[in-house]
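Chemist: this is a predicted model, with the sequence first.
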There are 2 protein chains.
Amino acid sequence: MARRNVKTPASSSDLDARKATILEAVVAEHINTAQPVGSSSVAHSPDVAVSPATVRSEMVALEREGYLAQPHTSAGRVPTDKGYRFFVDHLKSGVLSSAQQHQVKDFFANVRGEVEDVLEQTSTLLSQLTSYTSVVVGAGHAHASILSVQLVSLDVHHQLLVAVFSDGSVVKHSVSTEFDAHFVDVTEASRQLHAILIGTTLESRVQVPSHSDNVSMLIRQSVSVLHAEQPTTDGEQVYIGGSSKVAEVFEGVETVRKVLSILEQELLVVTLVQDILNQGLSVAIGSEHGYEPLSACAVIVAPVTIDGVPAGAVGLLGPTRMKYREALAAAGMVSQHLTRHFGGEDDLA
Amino acid sequence: MARRNVKTPASSSDLDARKATILEAVVAEHINTAQPVGSSSVAHSPDVAVSPATVRSEMVALEREGYLAQPHTSAGRVPTDKGYRFFVDHLKSGVLSSAQQHQVKDFFANVRGEVEDVLEQTSTLLSQLTSYTSVVVGAGHAHASILSVQLVSLDVHHQLLVAVFSDGSVVKHSVSTEFDAHFVDVTEASRQLHAILIGTTLESRVQVPSHSDNVSMLIRQSVSVLHAEQPTTDGEQVYIGGSSKVAEVFEGVETVRKVLSILEQELLVVTLVQDILNQGLSVAIGSEHGYEPLSACAVIVAPVTIDGVPAGAVGLLGPTRMKYREALAAAGMVSQHLTRHFGGEDDLA
DNA sequence: GTTAGCAGTCAATTCTACCGAGTGCCAACG
DNA sequence: CGTTGGCACTCGGTAGAATTGACTGCTAAC
């Protein structure tokens, strides 16, 4: 027993320098070629100064410890999720090519328009930069205060509640009434709603009149319909860019189908991104995020803040063998620009 | 010369009964099997009462006339776009299975909520019914009149213009000013805008004050920003459902990529659907719609009207060998229900 | 501990032969 | 004269065998 412990010296999370170098070489090579990598190509890599035979013996160790796997006996090694994890954790952060940096700066120098449009275009940008599918999540307006509320009459049984928030977002909800709501009542309800709700957030508790006259009922219904929106997905907006990249970047129709099918469910995507952020990660590899259909994927996320408050995130979705350095750099740079764009500068915050 | 004309009796668009039957059998078979179909399988089809040899000689005729094609010498025949066109034109309209009819009825009996949500869910429904990708296009608010306009101040240089239309849609636009716009000015501008614009449509010409005081400038800028929206894509909304079906239904990564890439450009999709509608078609096969990347696709569209006025469309996108009868039935049924849903019934029109 | 050498494994490739689905053509038949 | 059965021919797909080559693991020497 004691002997065996001696024989496995570094069963802790870090590897000795040579193993680390070899592992990194394997991962880098496999990311480039998408092929299992063999001992000799690793040995010829500039960072490795040992013979293929030595590399081989190190590789069996790395395989035993779960960093590498062998598709079949006479093939090279392929990184496991754990192998990628090590690679990513020891990645020194890179920068984008200057052409790409220009592209990002140009983009943010020239975008204008509604937040929604900016986020959507950002998503396209990020996808073009990386050739992976990108996800941009805009924050919900849970914490934004209400600047204006208005009830507009469509017909006697249908009104439209329109609220404007301090973050520049606008929500609308239809309100239906059993009774005939006449113009004067709607106008009065609108006036009172404005007075009641202005300055509050969706989390605030507000006083509503408890009478049963038409105006009061309109008010109660409007408030409840507005506050009901919170738990749904409506709050967060998701913008997915470059979903066609999925077909380029993953192999196997089945994988493509699974990934697309996940991307269709926007609520799921938001949750995924939030989950990863909550775990404090910036990269989730393979099964780390717990979504089985995405086990062939790696997801990169970078938070976006407004005035220091979390206000969304940008993300990238690619195969586990994605180009982490470039993708991380792109996501990082875009998230920073986005933060700056909505933070200090000018456009509506 | 005269002799040759005699030899090609029916070079007009229709075929004699037997050719038609054979062509239809070929198309039907190929839709089922995705394989080139040979003379004997056609001859054994119940509608065809001749020998394989006869079928063969008819097939060479059909090939000469462009309805069929041969992938290579010793293979069966495959329909051309023209062949599918004939098939579709002579298709007697089918109905959905009663289970599917129930599904549609259930859906429309239970949906409620904003128009946008209904359309989005409809798109998912249609895709589930057919296992093709679906497209739902909602009309723009070009003809809707304005029920309410409001200018909300975000900060001294940024206001938000919010307009509510009679069709229940809400648009917002940010308005930036060089000068400091104070609360009272914004409120006054808001009041006047409301008065000026209410009851108008985006196509109306309106009188705006030509003074150069802050209030007038706010008004002018707001009106121009609102009327500027017209030509963009913003007016129409597109909801695409089941884009993951693309990966199931098309073969060849390249085709999948092309189709997805088209679907990403929502403006393009709207245009495509409108184009097909304008041509008075309900099905566009292969190159008929003129979008080269979609040459492997067939697109089915069915218009949706509100009170007799065109108000959008539902569409389906599948391979040229799609199940036309079922797909047409589904699109037709859904478009009818949608028309009814937004037409007479109750929910906000 | 490292390395060169060697035997062994196994997926991928190539080659061959062959099968069979399907055609075009022709001669016979009603 | 249209229809049909028969026949030779074409050619893609497949199955099997042989080959290749990129690996490995092991062992013995350095």
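Modeler: Structure received.
Chemist: pull the number of nearby residues for the nearest residue to residue A:261 once chain neighbours are set aside.
Modeler: Excluding the flanking residues, the one nearest residue A:261 by C-beta to C-beta, 6 or more residues apart in numbering or on different chains is residue B:244, at 4.0 Å. C-beta: built from backbone N, CA, C; applies to glycine. Using other C-beta atoms under 10 Å in any protein chain shown, residue B:244 has 23 other residues around it.
Chemist: how about residue B:244, what does it touch?
Modeler: A:257-258, A:260-261, A:263-264 (C-beta atoms under 8 Å, 6 or more residues apart in numbering or on different chains).
Chemist: reformat the residues you listed as TSV; add pLDDT and neighbour count.
Modeler: Compiled in TSV, the contacts of residue B:244 are given as follows (pLDDT from 0 to 100; neighbours: other C-beta atoms under 10 Å in any protein chain shown):
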residue	pLDDT	neighbour count
A:257	96	20
A:258	97	22
A:260	98	24
A:261	97	17
A:263	97	20
A:264	96	19
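Chemist: near chain B, which residues of chain A?
Modeler: By C-beta under 8 Å from any C-beta of the partner chain, the residues of chain A that approach chain B are A:113-114, A:147-148, A:150, A:152-155, A:157-158, A:160, A:162, A:164, A:166, A:168, A:170, A:172-174, A:176, A:241-244, A:246-248, A:253, A:256-258, A:260-261, A:263-264, A:346-349.
Chemist: among the residues you listed, which are located in helices?
Modeler: A:246-248, A:253, A:256-258, A:260-261, A:263-264 (DSSP state H).
Chemist: out of these, which comes closest to residue A:99?
Modeler: For these, the residue nearest residue A:99 by C-beta to C-beta is residue A:248; the value is 20.8 Å.
Chemist: quick one: contacts for the closest residue in space to the closest one that isn't next to it in sequence?
Modeler: In this structure, residue A:248 finds its nearest non-sequential neighbour in residue B:257, 5.8 Å apart by C-beta to C-beta, 6+ apart. Counting by C-beta under 8 Å, 6+ apart, residue B:257 makes contact with A:244, A:247-248.
Chemist: what about 10 Å?
Modeler: With contacts defined as C-beta atoms under 10 Å, 6 or more residues apart in numbering or on different chains, the neighbours of residue B:257 are A:244-249, A:256, B:246, B:250, B:293.
Chemist: now swap in residue A:71 and tell me
Modeler: Residues in contact with residue A:71 (C-beta under 10 Å, 6+ apart) are A:35-36, A:77-78.
Chemist: show me the two of these that sit farthest apart.
Modeler: Within the contacts of residue A:71, two members stand farthest from each other by C-beta to C-beta: A:35 and A:77, at 10.6 Å.
Chemist: which of the two has more residues huddled nearby?
Modeler: The neighbour count for residue A:35 versus residue A:77, taken as other C-beta under 10 Å, is higher for residue A:77 (28 against 13).
Chemist: need the contacts of residue A:71 in a markdown table with secondary structure and pLDDT, can you?
Modeler: Below are these laid out as a markdown table (DSSP: H, G, I helix; E, B strand; the rest coil; pLDDT from 0 to 100):
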| residue | secondary structure | pLDDT |
| --- | --- | --- |
| A:35 | coil | 94 |
| A:36 | coil | 95 |
| A:77 | strand | 96 |
| A:78 | strand | 97 |
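Chemist: measure the residue nearest to residue A:261 to residue A:245 for me?
Modeler: Plainly put, residue B:244 is 14 Å away from residue A:245 if you go by C-beta to C-beta, to the nearest Å.
Chemist: residue A:138 too?
Modeler: Residue A:138 sits at a distance of 21 Å from residue A:245 (criterion: C-beta to C-beta).
Chemist: now do residue A:226
Modeler: In this view, residue A:226 and residue A:245 are 38 Å apart by C-beta to C-beta.
Chemist: tally of neighbours for the residue of the stretch 201-349 of chain A found nearest DNA strand C?
Modeler: The stretch 201-349 of chain A approaches DNA strand C most closely through residue A:251 (12.1 Å), counting by C-beta to the nearest atom of the strand. Other residues near residue A:251 come to 13 when the count uses other C-beta under 10 Å.
Chemist: and it, what helix or strand is that in?
Modeler: Following DSSP states H and E, one finds residue A:251 outside all helices and strands.
Chemist: so residue A:159 makes contact with residue A:182?
Modeler: No. Applying C-beta atoms under 10 Å, one finds residue A:159 not in contact with residue A:182, separated by 11.2 Å.
Chemist: higher neighbour count, those two?
Modeler: Taking neighbours as other C-beta under 10 Å, residue A:159 and residue A:182 compare with residue A:159 leading, 26 against 12.
Chemist: contact partners for that one?
Modeler: By C-beta under 10 Å, 6+ apart, the contact list for residue A:159 reads A:150-153, A:173-177, A:181, A:185-186, A:189-190, A:218, A:221-222, B:348.
Chemist: could you tell me the per-residue confidence at it?
Modeler: pLDDT for residue A:159: 94.
Chemist: against residue A:226, how distant is it?
Modeler: Using C-beta to C-beta, one obtains 12 Å as the distance from residue A:159 to residue A:226.
Chemist: intersection of neighbour lists for the two?
Modeler: Contacts common to residue A:159 and residue A:226, judged by C-beta under 10 Å, 6+ apart, are A:173, A:175.
Chemist: please consider this matter closed, and thank you.
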